[in-house]
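# the sequence and its predicted three-dimensional model are supplied below.
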Amino acid sequence: MRPVPVLHVCDKFGVAGSSIHGVSRLFAWWFPRFDRTRFDVSLVGLKAPEPASDKLREAGVDVTHLSRSKFDPRILTDLVRLGRARGARVLHVHGYAAADFGRLAARALGAGLVLHEHFADPRMPAYQGVADRLLSGLTDRAVAVSGSTRDFLVRERFVPADRVRLVWNGAPLGEFAPRPVEESRALRRSFGFEDQTLVIGTISRLSLQKAHHHLLDALPPVFARFPAARLLIVGDGDQMPALREQASRLGLAGSIVFAGHRTDVPALLSALDVFCISSTYEGTPLALFEAMAAGRAIVSTAVDGCAEVLRDGVTGLLAPPANPTALGDALARALGDAGLRRALSTAALDASRQFDIAQCVRQLESIYDEVLAEKGRAA
């Protein structure tokens, strides 16, 4: 039997100033893990090629680009033409423009439509709510990456609740497994950290959503208590200049290393004592699952999927978002108690087993099966 053609449609693969975006990493993890005897998956981006496109190709994911702006009506005819050429029976859409034009294209093609929401967007434009209300009946299934995202889909994007499926993100567990101690020590030394130095780390794009500025505001009392501690910030983005200036203004420049974009994330994680997420909103960030798989002690803001995945005091420590004092208290608690760090690390590593990215792909395939079965009954 010929594999079912599935066309993924995505607004964009990167974020301004950042080398790669979470959804791009998901594609790089998902696509090799789809059962190619059952599904022939391909990917199209609405925008022109961008740096993340090259990284996807390096990961073996072939990307077609339409090179259109998000309001260009030609996207619809492009998707219909491409869908027909590939015989697409399911369109899996990511992003607002992809969802709007994709739903219309799926109707024209007689294909199923799966809408994937990656976070509850506090800044969703008003026009999108109108479009979602009008196109609600064209959504066969929707994927939510957390309970809060599921609520957002139903409440703000008008997807019928019985069509929403919760599919947690995850990570390739083997890739992020804890590294040998000597390897971690060598990497720490490359940043100028001593073996006994307590290292807090964060790995993400440097954007306002990730709220690194709250993390920096949390640190003065932490470093006053632990003067030998250091912060390692990995990632790039448009907030880099502001964060460097803030670190200098707070007198923290000598205690913070800005490492920029790095590709050796699994090794970096193993070099950390505490992994920190300071975001003001999220879906379920991939960094969370990576840190769990690496067996790190995690301190996170209690936002969306982070608060749903982590058990406070068991698999991580949670602090209210946009509250530097509480975040600093949680970091100090973790730094000051080696036994607690070991317990959090062990529990996080154990819990990570339920978030293998392969399991996520199997669930997506089950959703395609649901949609195809419904389309078959309706034919």
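Right, received. Where do you want to start? Numbering: from 1, shown residues only.

# ok, residue 103 to residue 12 distance?
18 Å (Cβ to Cβ, to the nearest Å). Where you see a C-beta, it was placed from the backbone N, CA and C, and this is true even at glycine.

# quick one, which of those two is more surrounded?
residue 103 (24 against 21; other Cβ atoms under 10 Å).

# surely that one is in contact with residue 137?
No: using Cβ atoms under 8 Å, residue 103 makes no contact with residue 137, being 9.1 Å away.

# how about the residue nearest to residue 112 when sequence neighbours are not counted, what does it touch?
Spatially, and ignoring its direct neighbours in sequence, residue 112 is nearest to residue 371 (3.5 Å; Cβ to Cβ, 6 or more residues apart in numbering). If you count contacts by Cβ atoms under 8 Å, 6 or more residues apart in numbering, residue 371 has them with 90, 112-114, 140-141.

# do a quick rundown of the strands in the chain.
Assignment of strands within the chain using DSSP state E yields the ranges 4-10, 39-45, 63-65, 90-94, 112-117, 141-144, 164-166, 199-203, 230-234, 256-260, 274-277, 297-301, 317-319.

# which helices and strands sit right next to the last one?
Which is strand 317-319. Applying 3 or more Cβ pairs under 8 Å, 6 or more residues apart in numbering; DSSP states H and E, we find strand 317-319 packed against strand 297-301, helix 324-335.

# would you turn the ones you listed into TSV with mean neighbour count and mean pLDDT?
Formatted as TSV, the helices and strands packed on strand 317-319 follow (neighbours: other Cβ atoms under 10 Å; pLDDT from 0 to 100):
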stretch	mean neighbour count	mean pLDDT
strand 297-301	27	98
helix 324-335	21	98
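
# figure out which of the ones you listed is closest to residue 254.
Comparison of the helices and strands packed on strand 317-319 against residue 254 by Cβ to Cβ identifies helix 324-335 as nearest, at 17.7 Å.

# and for the closest one, what's in contact with it?
By Cβ under 8 Å, 6+ apart, the residues outside helix 324-335 that reach it are 198, 200, 214-215, 217-219, 221-222, 225-226, 229, 273-274, 276, 278, 297, 299, 301, 317-320, 340-341, 344.

# hmm, residue 304 and residue 120 touching each other?
Yes: counting by Cβ under 8 Å, residue 304 is a contact partner of residue 120 at 6.2 Å.

# and the helices in the stretch 51-200 of the chain?
For the stretch 51-200 of the chain, the helices defined by DSSP state H, counting those that start in this stretch occupy 51-58, 74-86, 96-109, 126-135, 147-155, 181-190.

# among the ones you listed, show me which one is buried the most.
The highest mean neighbour count among the helices of the stretch 51-200 of the chain, using mean count of other Cβ atoms under 10 Å, belongs to helix 96-109: a mean of 23.
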